[in-house]
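1. Sequence first, predicted coordinates after that:
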Amino acid sequence: MAEYEALVAGLNLARGLKIGKIRTFCDSQLIANQFNGEYTAQEERMEAYLIHVQNLAKNFDEFELTRIPRGENTSADALAALASTSDPSLRRVIPVEIY
């Protein structure tokens, strides 16, 4: 569920920035295959996340979701580690690159 929540947060951020074309990368085989239609969502909550992401994807002129191996997802791993180990009272800043 956390992977879907992160994807939703990123898509909402991109939509707020008025981004038209977006390529997303995900290390979750389950999410990537559910989104691409290779897997079906078995649980009601998982299906709700899937539908929500599909609806958000429609807000972009171009949308692509690509699965990458977990070992190659070092940037996301570093952000996750930082978030889980840092002082919760500290203000966090996450840079967003726009090309």
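-> Cool, got the structure.

2. partners of whichever strand or helix holds R23 in the sheet?
-> Assigned by DSSP states H and E, R23 belongs to strand 21-26. Applying DSSP bridges, strand 21-26 is found paired with strand 62-67 (parallel).

3. returning to what we had before: and the strand holding R23, how far from the chain's centre?
-> 8 Å (Cα atoms, centre = their mean, to the nearest Å).

4. again, but for stretch 57-77
-> Put simply, stretch 57-77 sits 6 Å off its chain's centre (Cα atoms, centre = their mean).

5. Now that stretch: average pLDDT?
-> Mean pLDDT, stretch 57-77: 84.

6. Residues contacting the very next helix or strand once past the strand holding R23, please?
-> Per DSSP H and E, the first helix or strand lying C-terminal to strand 21-26 is helix 29-35. With Cβ atoms under 8 Å, 6 or more residues apart in numbering as the test, helix 29-35 has contacts from 3-4, 7, 26, 39-41, 46, 50, 53-54, 57, 65-67. C-betas here are computed from N, CA, C, even on glycine.
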